[in-house]
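Q: all I have is the shape, not the residue letters:
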């Protein structure tokens, strides 16, 4: 009995450090057009995707909070219907896949990926004037999919999915209608090593420096971003854009924050549009450069994953002489914290879903703790 007890007490073999997987997907889809000029590109076509990914198992707190998502890096290739005007595309993007249910053997996931894409053919006013979709070879790539993952064995997983893949340059070079590909997907995943078991959520790791510690606090974030907006089709040149923002954020859980944003935007293309209208209509539409500034306010939600955060904003322009884009605007972006206070940020600003510019910048966060007074 003593010998048996000692044998049972022996530790098992060490677990691998990471759950690395290789995943191969085959897509089959078609263009989902949102402009009349793109209707001529009508075809069904395949695409192929190869990914190296890692299912999380609870090493960090956010992994268990989000029910152990999958993170990875994918390479995407398609000939996009073999249209000479469009050519082919190669994209590379990191992604994260969030579980939507608790059954680990039959799991629904929401997968989001953002990266870069290279399209072989772009718009040219002489040689490729029918391609209004893409004005540059280098573009942003975005992938949104709903995945079904079925465990076949200890190392193999079957995938069926449906979703949207988008290519656009964020109006850094026009024309920029963008390409949307709606597709169905099937694939297979293979574990390179035997997978780690999920850690019990009750045994959380130590608090990391960038995580919310459940204490009452709010934060003030100051950000400055710069970008460019290509208006060569309308005004014949490119304009600089500056955005200064302050966010007042309150944590609502260990996953996210909600708050109010105040912004001040200088878009040089607004001045160009008003000057052009003055030449045509003969009217002075602004008195000085201060009239070009666009103050705005927005509702902000921040989704936190340790050092990385995703930002989603819906805003309203309070003033500004140029109003042709409308008063409402949307922003989607992410932050990366270099320290607890300093971070870098990239954000896409759009009006009515139409991309205006991509801003790149830095920010500083100031945290303040407060405690509610006890009721007497």
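A: Nice, thanks for sending it over. These numbers come from a predicted model, not from an experiment.
Q: wasn't residue 279 part of a helix?
A: Yes - assessed with DSSP: H, G, I helix; E, B strand; the rest coil, residue 279 lies in a helix.
Q: what separates residue 125 from residue 131, distance-wise?
A: Separation of residue 125 from residue 131 (Cβ to Cβ, to the nearest Å) stands at 11 Å. Where you see a C-beta, it was placed from the backbone N, CA and C, and this is true even at glycine.
Q: for the residue sitting nearest the centre point of the chain, which non-adjacent residue is closest in space?
A: Geometric centre of the chain, nearest residue: residue 114, 5.1 Å, by Cα atoms, centre = their mean. Counting by Cβ to Cβ, 6 or more residues apart in numbering, residue 114 lies nearest to residue 142, which is 5.3 Å off, once chain neighbours are set aside.
Q: and that neighbour, what does it touch?
A: 93, 113-114, 165-166, 168 (Cβ atoms under 8 Å, 6 or more residues apart in numbering).
Q: show me the shaky parts of this protein.
A: 1-17, 200-216, 370-376 (pLDDT under 70).
Q: domain-wise, how is it divided?
A: 16-191, 217-369 (automatic domain parsing).
Q: save these as TSV, and put in distance to residue 198 too.
A: Below are the domains of the chain laid out as TSV (distance: least, Cβ to Cβ, whole Å):
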stretch	distance to residue 198
domain 16-191	5
domain 217-369	18
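Q: those helices in the chain, which residues are they?
A: 2-8, 61-65, 268-281 (DSSP state H).
Q: from the chain's centre, how far out does the last one sit?
A: On the basis of Cα atoms, centre = their mean, to the nearest Å, helix 268-281 sits 33 Å off its chain's mean C-alpha point.
Q: quick one: residues in contact with it.
A: 229, 231, 234-235, 237, 239-241, 283-286, 289, 292, 294, 320-322, 324.
Q: in it, which residues are buried?
A: For helix 268-281, a neighbour-count test (16 or more other Cβ atoms under 10 Å) marks 268-274 as buried.
Q: ok, now stretch 89-98?
A: Result for stretch 89-98 [16+ other Cβ under 10 Å]: buried residues 89, 91, 93, 95-98.
Q: which among the contacts of helix 268-281 count as buried?
A: When the contacts of helix 268-281 are checked for burial by 16+ other Cβ under 10 Å, the buried set is 229, 231, 235, 239, 241, 286, 292, 294, 320-322.
Q: among those, which lie within strands?
A: Of the buried ones among the contacts of helix 268-281, the ones assigned to strands by DSSP state E are 229, 239, 241, 294.
Q: tell me which of residue 125 and residue 131 has more neighbours.
A: residue 131 (23 against 8; other Cβ atoms under 10 Å).
Q: state which strand of the protein is the longest.
A: strand 354-369.
Q: give me the helices and strands touching it, please.
A: Applying 3 or more Cβ pairs under 8 Å, 6 or more residues apart in numbering; DSSP states H and E, one finds that strand 354-369 contacts strand 217-230, strand 238-251, strand 328-337, strand 342-351.
Q: how about it: buried residues?
A: Using 16+ other Cβ under 10 Å as the test for burial, strand 354-369 gives 355-359, 361, 363, 365.
Q: tell me how far it is from the chain's mean position?
A: Its chain's C-alpha centre lies 14 Å from the corresponding centre of strand 354-369 when counted by Cα atoms, centre = their mean.
Q: relative to strand 328-337, how tilted is it?
A: 50 degrees (axes from the mean of the first three to the mean of the last three Cα atoms, to 10 degrees).
Q: next up, the contacts around residue 151.
A: Counting by Cβ under 8 Å, 6+ apart, residue 151 makes contact with 104-106, 157.
Q: before we move on, the earlier item: could the helices and strands packed on strand 354-369 go into TSV alongside distance to residue 312?
A: Shown next, in TSV, are these (distance: least, Cβ to Cβ, whole Å):
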stretch	distance to residue 312
strand 217-230	15
strand 238-251	12
strand 328-337	6
strand 342-351	10
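Q: now the buried residues of stretch 89-98 as JSON lines including distance to residue 152?
A: Shown next, in JSON lines, are those (distance: Cβ to Cβ, whole Å):
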{"residue": "89", "distance to residue 152": "31"}
{"residue": "91", "distance to residue 152": "28"}
{"residue": "93", "distance to residue 152": "26"}
{"residue": "95", "distance to residue 152": "22"}
{"residue": "96", "distance to residue 152": "23"}
{"residue": "97", "distance to residue 152": "18"}
{"residue": "98", "distance to residue 152": "22"}
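Q: among the residues you listed, which one sits closest to residue 340?
A: Among those, residue 96 lies closest to residue 340 (Cβ to Cβ), at 22.5 Å.
Q: how about the contacts made by the closest one?
A: For residue 96, the contact set (Cβ under 8 Å, 6+ apart) comprises 69-71, 111-113, 305.
Q: repeat for residue 282
A: If a contact means Cβ under 8 Å, 6+ apart, then residue 282 has no contacts.
Q: where's it relative to residue 31, distance?
A: Distance of residue 282 to residue 31, computed by Cβ to Cβ: 43 Å.
Q: so what's residue 192 up against?
A: Here residue 192 is in contact with 20-22 (criterion: Cβ under 8 Å, 6+ apart).
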